[in-house]
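Visitor: Just a sequence and a predicted model for now, questions to come.
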Amino acid sequence: MKDCPHVEELPHPQPDPLSDTCLECLAAGTHPVQLRICLGCGHVGCCDSSPGRHATRHFGDTGHPVMRSFEPGESWRWCFVDGAIV
């Protein structure tokens with residue numbers, strides 16, 4: 001795990017999820033693979049194994065750097081800026 005200055009900048013408490021699935025996949029009629037939650041705003045998007053790559057797209061659109069797995073039993077976080085688990 002890497003030290004990441006972006007983790008210190010996250011809101012406290014962390015935002016609630018804005019949905020329980022990837023709404024972009026739902027709108028497109030595709031099935032999300034492995035959900036991720038943005039720790040900046042609570043957006044829920046699919047991982048890069050999904051056709052839409054909506055979690056990564058959310059980072060590109062907003063610049064929100066850190067997301068966490070939204071899968072049951074997982075709590076790891078990823079920083080898009082640092083390209084590392086944080």
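Guide: Sure thing, it's come through.

Visitor: List the single closest residue to Cys47 in space, sequence neighbours excluded.
Guide: The shortest distance from Cys47 to any non-neighbouring residue, by CB to CB, 6 or more residues apart in numbering, is to Gln34 (4.0 Å). For the C-beta atoms, the positions are set from N, CA and C on the backbone; glycine is no exception.

Visitor: before we move on, what about Pro15?
Guide: Gly42 is the one closest to Pro15 (CB to CB, 6+ apart), at 3.5 Å.

Visitor: thinking the one you found is in contact with Leu18, fair?
Guide: Yes. Between Gly42 and Leu18 there is a contact at 4.5 Å, judged by CB atoms under 8 Å.

Visitor: what mean pLDDT would you report for stretch 57-75?
Guide: The predicted model assigns stretch 57-75 a mean pLDDT of 98.

Visitor: Check which residues of that stretch are buried.
Guide: His58, Phe59, His64, Pro65, Val66, Met67, Arg68, Ser69, Phe70 (16 or more other CB atoms under 10 Å).

Visitor: low-scoring stretches of the chain, by residue?
Guide: For the chain, applying pLDDT under 70 flags the ranges 1.

Visitor: list the helices and strands the lengthiest helix in the chain packs on?
Guide: Assignment by DSSP state H gives helix 54-62 as the longest helix of the chain. Counting by 3 or more CB pairs under 8 Å, 6 or more residues apart in numbering; DSSP states H and E, the packing neighbours recorded for helix 54-62 are helix 23-28, strand 35-38, strand 44-46, strand 66-69.
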